Structures are given as structure tokens and as C-alpha cells.
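> The sequence and its predicted three-dimensional model are supplied below.
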Amino acid sequence: MATGRTHRPATRSRGIPEATVARLPLYLRALTALSERSVPTVSSEELATAAGVNSAKLRKDFSYLGSYGTRGVGYDVEYLVYQISRELGLTQDWPVVIVGIGNLGAALANYGGFASRGFRVAALIDADPAMAGKPVAGLPVRHTDELEAIISDNGVSIGVIATPAGAAQQVCDRLVAAGVTSILNFAPTVLSVPEGVDVRKVDLSIELQILAFHEQRKAGEDSASAAATASAARSGAGGVRSSASRKGPDGDVPAVMPA
Ligand SMILES: NC(=O)c1ccc[n+]([C@@H]2O[C@H](COP(=O)([O-])OP(=O)(O)OC[C@H]3O[C@@H](n4cnc5c(N)ncnc54)[C@H](O)[C@@H]3O)[C@@H](O)[C@H]2O)c1
């Protein structure tokens with residue numbers, strides 16, 4: 001669900017394009033599901049469908065990994081899981097800290113999907129002294145005074161920010177100064193970071209706004225179609241057409257103009 005861009009050039013080291021890197025987790029999720037069902041091999045078409053990606057794009061992406069599959073057999077599921085996990089750096093354990101343990105931070109702390117994917121929540125940090133020591137998801141909340149010591153003691157390089165927007169930049173600065181080089185930002189603000197620090201932004205409201213845009217277009221198409229149907233009915237030409245019968249006999253879609 002991460003949106004936004006990392007502060008990196010379009011091509012990472014070892015020549016893997018950023019767009020390919022962004023699709024690797026989709027393949028990994030689909031492959032993990034196949035692996036859990038003990039499926040030994042998968043064709044590029046099947047995997048592309050499961051990952052929601054075009055199969056030519058998938059084959060191109062896998063060529064960057066040096067994985068070409070076997071003609072007539074497909075890709076070895078377990079080996080691809082290993083290859084993609086290794087490429088994404090998931091074969092090692094990544095300690096992460098979550099800063100801001102309110103509604104969202106607590107929900108993230110309780111999410112079991114991090115640990116199963118190699119991300120260990122090393123500490124939960126909050127500025128509210130009243131929260132210090134309170135257990136959330138089995139961990140005592142630590143006060144922000146301890147932030148630097150927590151980062152260095154645990155070798156943390158990934159920080160998650162779930163504070164109010166107004167506090168996010170200051171939290172980000174402290175994380176970076178303490179040695180964090182990757183930040184997942186949930187606060188609705190643009191963070192500025194020095195060269196070499198990656199920021200990914202998650203914003204569910206932006207995702208909803210994009211869906212609203214598509215909903216609006218769908219509604220526009222439906223009303224245009226209804227207007228054309230009414231117009232055709234008024235002129236007596238062809239009777240009533242449903243929106244499902246809009247395609248012409250040779251597959252083209254006739255232009256539908258509002259009345
Ligand atoms: N990205 C998304 O899709 C999404 C969804 C929901 C919420 N949010 C954002 O996530 C943030 C948290 O939302 P919430 O509902 O959990 O808020 P919340 O008020 O419940 O929690 C915020 C927590 O941050 C702590 N905090 C404040 N300043 C801090 C600081 N300087 N250092 C450390 N901790 C600090 C507070 O004590 C509090 O516990 C907000 O910025 C909100 O807009 C984003």
C-alpha cells in the first residue's frame with residue numbers, strides 16, 4: 001500500500017529499475033501463497049494473473065534477476081521465493097521502530113505481517129510520558145527521550161512514523177541523525193531528508209481520492225449512456241439500448257454523446 005517515491009534514481013545498483021523493485025513484493029506475495037499450497041512450479045501467465053501484472057512485464061522483471069524459467073515447465077516457486085526475498089533483502093532480519101503509538105501506531109504494532117516478512121518491531125516510541133511503559137502488542141512503549149539509544153542499541157535502519165503531521169519532520173530528523181536510513185511515513189506531510197535516506201509515504205486518503213476519481217468517471221459514463229438511450233428512445237431510432245449492449249457488432253464502441 002505504499003505510495004509515493006523513494007529519493008533514489010530510477011535505476012538502483014545492479015541495474016534493476018525502480019519500477020521492477022516495486023513489483024517484486026507483488027510477485028513475492030503471489031509466490032508465497034503458491035508455496036503455502038505446495039505448488040511446485042508456475043507459468044509466467046499464471047503468476048502474472050495472481051500478481052495483477054502483465055505477463056510480458058513479469059518476464060522482463062525476472063530477466064533482471066537472471067531468472068528465465070523453463071519452457072513448458074515455468075518457474076520453480078521455491079527458488080523464485082528465495083531469489084526475490086534475497087533481492088529485496090528479506091533473507092535477513094530488519095529491526096524497525098514505530099514512532100507515535102496512537103491509533104495507527106498501535107494497529108501497526110499489532111499487525112503480524114511484519115514479523116512474518118522479516119521485519120522485527122524492535123521498539124515502540126511515543127512522546128507522551130503517560131504512555132511510557134504501557135504494553136502495546138507485547139512491547140512496553142518507550143519514551144522519545146530514549147530514541148537515539150534504542151536506534152543504536154538495536155542497529156535500527158528502518159523507522160516508521162505515525163505521529164501527527166506537525167511532529168513528523170522533527171521525528172524524522174532525530175531518526176536520521178541517530179542512523180536510520182529508511183523511513184516509512186504515515187503522517188500527511190512531505191518529509192525532507194538528506195541524500196541517501198529513502199522515504200516511502202503511505203496515504204490511504206490519496207488512494208481513496210484516486211478511487212473517487214474513477215468512480216466519478218464511471219458515473220459520468222453511466223449518465224452519458226442513459227442520456228444517449230433516452231435520446232435514441234425519443235427519436236424512435238433503435239429503441240432502448242442497455243449499457244451492456246453498447247459495443248458495436250465489430251467490437252468498437254460507438255461514440256455516446258450526452259443529449
Ligand atoms: N497514511 C494513512 O493512510 C493514515 C491513516 C490514518 C492516520 N494517518 C496519520 O497517522 C498519524 C497518526 O494518526 P493516529 O490516528 O494514530 O493519531 P493519534 O493521535 O491516535 O496518535 C498519535 C501519537 O503520536 C504521539 N506523538 C505526538 N508527537 C510525537 C512526537 N514528537 N514523537 C513521538 N510521538 C509523538 C502522540 O502521543 C500519540 O500517541 C497522523 O499523522 C494521521 O494523520 C495516516
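Nice, I can see it. Residues are numbered from 1 along each chain as shown.

> Low-confidence stretches in the stretch 1-150 of the chain?
The model of the stretch 1-150 of the chain has pLDDT under 70 over residues 1-14.

> Any residues of it in contact with the ligand? List them.
With Cβ under 6 Å from any ligand atom as the criterion, the stretch 1-150 of the chain meets the ligand at residues 99-105, 126-128, 144. All C-beta atoms are positioned from the backbone trio N, CA, C, and that covers glycine.

> can you rerun that using 8 Å?
Within the stretch 1-150 of the chain, the positions adjacent to the ligand are 1, 99-107, 125-128, 131, 144 by Cβ under 8 Å from any ligand atom.

> roughly how far apart are the residue in the stretch 101-250 of the chain positioned nearest to the ligand and I206?
The ligand sits closest to G102 of the stretch 101-250 of the chain, with a gap of 1.7 Å, by Cβ to the nearest ligand atom. Applying Cβ to Cβ, to the nearest Å, the value for G102 to I206 is 20 Å.

> cool, and A219?
20 Å.

> Between these two, which has more neighbouring residues?
Per other Cβ atoms under 10 Å, whichever of A219 and I206 has more neighbours is I206, with 13 against 10.

> Phi and psi next, for the residue of the stretch 101-250 of the chain closest to the ligand.
Dihedral pair for G102: phi -90, psi -140, per degrees, to the nearest 10.

> P164 versus that one, what's the distance?
Relative to P164, and taking Cβ to Cβ, G102 is found at 8 Å.

> Quick one: list the elements packing against the longest strand belonging to the chain.
Assignment by DSSP state E gives strand 119-126 as the longest strand of the chain. On a contact count with 3 or more Cβ pairs under 8 Å, 6 or more residues apart in numbering; DSSP states H and E, strand 119-126 meets strand 94-99, helix 103-110, helix 113-116, strand 139-143, helix 147-154.

> The fourth one to helix 103-110, inter-axis angle?
Looking back up the chat, that one is strand 139-143. In terms of direction (axes from the mean of the first three to the mean of the last three Cα atoms, to 10 degrees), strand 139-143 departs from helix 103-110 by 140 degrees.

> How about strand 139-143, which residues are buried there?
By neighbour count on 16 or more other Cβ atoms under 10 Å, the buried set for strand 139-143 is 141-142.

> Give the other helices and strands that it contacts.
strand 119-126.

> Next, the buried residues of stretch 212-232.
224-225, 228-229, 232.

> Please measure how far the first residue of stretch 167-186 sits from its last one.
Using Cα to Cα, to the nearest Å, one end of stretch 167-186 lies 12 Å from the other.

> try stretch 45-63
Stretch 45-63: ends 15 Å apart by Cα to Cα.

> to the chain's geometric centre, what's the distance from it?
Here the centre of stretch 45-63 is set off from its chain's centre by 17 Å, with Cα atoms, centre = their mean, to the nearest Å.

> Thank you kindly, that will do.
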